[in-house]
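> Turn this into a structure:
(one chain, ligands or ions: 1)
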Amino acid sequence: MAMIGLFGVLIAFIFFLVFQCFFVCKKSHNVALLENWPFLGMLPGILFNLPRIFDWLSEVHEANDMTFAFKGPWFSGTDMLFTVDPRNVNHMLSSKFPNYHRGPEFRKIFDILGDGIVTADMELWEDLRKSGHALFHHQNFLELSLSCTTSKLKDHLVPFLDKAAEENIVIDLQDVFKRFMFDTASILMTGYDQMSLSIEMPKVEFSEAADFFEEATFYRHLKPVILWRLQYLIGVGTERKIRTASEIFNSLFAKIISSRRKEEISRGEKEPGIDAVTYYLNADTTKYKLLKPSNDKFIRDVVLSLLLAGRDTTSSALTWFFWLLSKHPQVMTKIPPDINAKFDATDLEKLVYLHAALSESMRLYPPVPFNHKSSSKSDVLPSGHKVVAGSKIVISIYALGRMRCVWGEDASDFKPERWISENGGLRSEPSSKFLVFSAGPRTCLGKRLALLQMKMVAAEIIQNYDFKVVEGQKIEPVTSIILRIKHGLKVTVSKNI
Ligand code: HEM
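Coordinates of the predicted model:
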């Protein structure tokens with residue numbers, strides 16, 4: 001009885017704290033939202049700002065000299081150091097790279113990705129990185145990237161947009177780009193075209209699962225491991241979505257890998273790999289000792305990470321880009337004179353203004369808004385902040401792109417000219433400042449491919465279509481580990497005569 005009474009008092013106390021925080025937070029300035037409450041730590045500040053978490057974090061970073069220590073609820077294991085100071089970024093991602101890993105916490109949070117490159121550390125990451133680098137630079141893979149993007153564009157995207165223009169229907173551009181990227185990434189990674197971009201717009205189970213997984217994973221960062229593990233076990237809340245997503249991923253990959261193994265056997269001798277599944281089924285284990293070509297679960301993990309990395313990022317970047325263009329018609333008028341490329345990779349690289357506009361769009365809306373690190377040994381960051389061994393460090397790439405002390409007073413403006421040098425060429429920025437594709441040894445492996453695909457799609461649409469954003473939509477990012485627009489981007493298109 002006494003125990004129940006004590007428990008009741010504790011619950012009442014927690015409620016009192018939450019309400020107290022709520023009223024104080026409502027009235028006060030953003031910086032006060034970082035107040036460290038007894039028991040709850042700084043969690044209330046984050047919770048009350050969840051709907052605008054990305055902008056709120058930018059404001060808090062700016063008010064705290066770009067670095068602050070976040071205290072989670074007592075004993076929850078959610079303390080983190082947030083920093084966007086380019087000196088710290090360079091220190092962790094490049095000069096002191098061996099001391100900053102993904103870490104065990106990150107691997108737990110992303111457990112569904114298993115042993116893929118996104119979660120791997122140490123020797124396994126080295127093998128995946130080297131083999132991934134070899135795949136992305138394989139002549140056959142490069143040819144396949146160009147040919148599958150060109151045919152998806154001409155045979156699927158163009159007919160789809162023509163039909164939408166003819167019938168004057170409202171389309172969700174974000175959904176169209178997701179389907180485009182899912183199909184091309186699937187051809188490159190698994191060898192199969194999922195045919196999700198078609199006039200019928202079929203339901204895409206994998207896509208829905210991936211979106212759920214990315215949103216639900218965001219919330220894992222804020223909860224004690226024991227809590228979300230329990231939720232996963234009993235299948236409630238956001239964890240139920242992760243469980244469903246995992247089942248969908250597993251069943252898709254079970255089918256793909258088993259049919260590919262059968263094809264390999266019927267073909268007899270092995271051929272050099274083109275798509276990622278074929279490549280990893282035939283991985284050279286004398287060169288890459290930790291790769292396991294005969295293990296289906298391993299192949300699933302490696303290819304799933306690559307598929308997600310290719311689908312979600314590029315489609316997010318394109319969606320925000322077209323939304324910004326609709327808000328800045330003057331930028332649109334500067335793009336066409338550049339475009340005379342016939343989708344040749346080298347011609348596309350010459351599209352200076354388009355490249356500048358894409359970079360500027362990704363600076364403001366980075367598809368991957370966060371980067372996480374964990375320190376192996378204690379260290380002192382260039383900003384003077386101490387990190388103890390095992391600390392969790394979060395870099396908000398979104399906030400970094402908006403820091404006035406990094407980008408100038410006009411940091412929040414969309415200005416492609418920022419990327420153009422006096423002689424008319426492209427101005428490059430250090431990756432510790434423009435962190436959109438990450439920096440150091442873990443820089444994005446698909447950067448070149450992503451830029452190529454974005455330019456091909458953007459050039460095709462800008463040259464041949466006018467699009468109008470449907471009035472009255474609320475454009476805001478969803479709370480997720482990928483920066484998507486919450487309710488998509490509804491537009492109508494018409495053909496340029
Ligand atoms: C606009 C598009 C893209 C953006 C903004 C982007 C951004 C990033 C970022 C920020 C990282 C680092 C993630 C981290 O360390 O937490 C990353 C890693 C990676 N990206 Fe991309 N990415 C894009 C497209 C792609 C594409 C199309 C592919 C492949 C098909 C790809 C493959 C990878 C891989 C394999 C890694 C892991 C590298 C490693 O850990 O060594 N990315 N990307």
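> Kindly state the pLDDT recorded for the residue nearest to the spatial centre of the chain?
Nearest to the geometric centre of the chain sits residue 368, at 3.1 Å (C-alpha atoms, centre = their mean). You'll see residue 368 listed with a pLDDT of 98.
> Can you tell me the SS state at it?
Assigned state for residue 368: coil (three-state reduction, DSSP: H, G, I helix; E, B strand; the rest coil).
> Quick one: name whatever helix or strand follows the lowest-mean-pLDDT helix or strand in the chain.
Within the chain, no helix or strand scores below helix 2-27, which has a mean of 43 by mean pLDDT, DSSP states H and E. Next along the chain after helix 2-27, taking DSSP states H and E as the criterion, comes helix 43-48.
> List the contacts of residue 223.
Going by C-beta atoms under 8 Å, 6 or more residues apart in numbering, residue 223 touches 76, 78. C-betas here are computed from N, CA, C, even on glycine.
> For residue 397, see how far away it is.
Per C-beta to C-beta, to the nearest Å, residue 223 is found 22 Å from residue 397.
> what does residue 45 give?
20 Å.
> host element of the closest residue to residue 49 other than its chain neighbours?
Nearest non-adjacent residue to residue 49, counting by C-beta to C-beta, 6 or more residues apart in numbering: residue 56, 3.9 Å away. Per DSSP H and E, residue 56 falls inside helix 53-63.
> what helices or strands is that helix leaning on?
strand 67-70, strand 80-83, strand 392-396, helix 397-400 (3 or more C-beta pairs under 8 Å, 6 or more residues apart in numbering; DSSP states H and E).
> Turn those into CSV, including mean pLDDT.
Shown next, in CSV, are those (pLDDT from 0 to 100):
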stretch, mean pLDDT
strand 67-70, 95
strand 80-83, 96
strand 392-396, 97
helix 397-400, 98
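> Among those, which comes closest to the ligand?
Proximity to the ligand, assessed across the helices and strands packed on helix 53-63 by C-beta to the nearest ligand atom, is greatest for helix 397-400 (6.5 Å).
> All the strands of the stretch 151-300 of the chain, in order from the start?
In the stretch 151-300 of the chain, the strands defined using DSSP state E, counting those that start in this stretch lie at 171-172.
> Spell out which parts of it neighbour the ligand.
Counting by C-beta under 6 Å from any ligand atom, the residues of the stretch 151-300 of the chain close to the ligand are residue 185.
> low-scoring stretches of the stretch 151-300 of the chain, by residue?
Along the stretch 151-300 of the chain, the parts satisfying pLDDT under 70 run over 267-273.
> just how off-centre is stretch 453-468 within its chain?
With C-alpha atoms, centre = their mean, to the nearest Å as the basis, stretch 453-468 stands 22 Å off its chain's centre.
> still on that earlier bit, wait, the residue nearest to the centre of the chain touches residue 482, no?
Yes: between residue 368 and residue 482 there is a contact at 6.7 Å, judged by C-beta atoms under 8 Å.
> how about the residue in the chain that the ligand sits nearest to, what does it touch?
Residue nearest to the ligand within the chain (C-beta to the nearest ligand atom): residue 446, separated by 2.1 Å. Applying C-beta under 8 Å, 6+ apart to residue 446 gives the contacts 136, 309, 310, 313.
> Show only the entries of those found in helices.
Among those, the members falling in helices (DSSP state H) are 136, 309, 310, 313.
> hang on, the first one packs against residue 445?
Yes: here residue 136 lies in contact with residue 445, judged by C-beta under 8 Å, at a distance of 5.4 Å.
> The two - which one has more neighbours?
residue 445 (21 against 18; other C-beta atoms under 10 Å).
> Could you pull up the residues touching that one?
117, 129, 132, 133, 136, 309 are the contacts of residue 445 under C-beta under 8 Å, 6+ apart.
> Just the buried ones from those?
117, 132, 136, 309 (16 or more other C-beta atoms under 10 Å).
> shouldn't the last one be in contact with residue 113?
No: with contacts defined as C-beta under 8 Å, residue 309 does not count as touching residue 113, sitting 10.1 Å away.
> rewinding a little: how about the contacts of residue 445, which pair is most distant?
Largest separation among those by C-beta to C-beta: 133 and 309, giving 14.0 Å.
> Which neighbours do residue 368 and residue 482 have in common?
Joint contacts of residue 368 and residue 482 (C-beta under 8 Å, 6+ apart) are residue 313.
> Of the buried ones among the contacts of residue 445, which is the nearest to residue 251?
residue 309 (20.7 Å).
> Could you report the separation of the residue lying closest to that closest one once chain neighbours are set aside from residue 189?
Ranked by C-beta to C-beta, 6+ apart and with sequence neighbours excluded, the top spatial neighbour of residue 309 is residue 446, at 6.2 Å. For residue 446, the distance to residue 189 (C-beta to C-beta) stands at 11 Å.
> who touches both of those two?
The contact sets of residue 446 and residue 189 overlap at residue 310 (C-beta under 8 Å, 6+ apart).
> got the contact list for the residue lying closest to residue 420 once chain neighbours are set aside?
In space, and not counting its chain neighbours, residue 420 is closest to residue 356: 5.4 Å by C-beta to C-beta, 6+ apart. Residue 356 makes contacts with 416, 417, 418, 419, 420, 426, as judged by C-beta under 8 Å, 6+ apart.
> Now render these as JSON lines, adding distance to the ligand.
Formatted as JSON lines, those follow (distance: C-beta to the nearest ligand atom, whole Å):
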{"residue": "416", "distance to the ligand": "16"}
{"residue": "417", "distance to the ligand": "21"}
{"residue": "418", "distance to the ligand": "18"}
{"residue": "419", "distance to the ligand": "15"}
{"residue": "420", "distance to the ligand": "20"}
{"residue": "426", "distance to the ligand": "17"}
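> Name the residues that touch stretch 160-179?
Contact with stretch 160-179 is made by 157, 196-199, 201, 204, 207, 311-312, 314-316, 318-319, 322, 457, 461, 464-465, 467, 470, 484-485, 488-495, as judged by C-beta under 8 Å, 6+ apart.
> Now the terminal residues of that stretch, how far apart.
Terminal residues of stretch 160-179 lie 12 Å apart, using C-alpha to C-alpha, to the nearest Å.
> If we go by neighbour counts, what in it is buried?
Buried residues in stretch 160-179, counted by 16+ other C-beta under 10 Å: 160-161, 164-165, 171-179.
> Same question for stretch 116-135.
Neighbour counts using 16+ other C-beta under 10 Å place 116-120, 124-125, 127-128, 131-132, 134-135 of stretch 116-135 among the buried residues.
> what's the answer for stretch 459-472, then?
Neighbour counts over stretch 459-472 (16+ other C-beta under 10 Å) mark 459, 460, 461, 462, 465, 467, 469 as buried.
> Check what contacts that stretch and list those residues.
Outside stretch 459-472, the residues that reach it (C-beta under 8 Å, 6+ apart) are 153, 157-158, 161, 165, 170, 173, 322-323, 325-326, 332, 335-336, 339, 341, 343, 348, 351, 354, 489-496.
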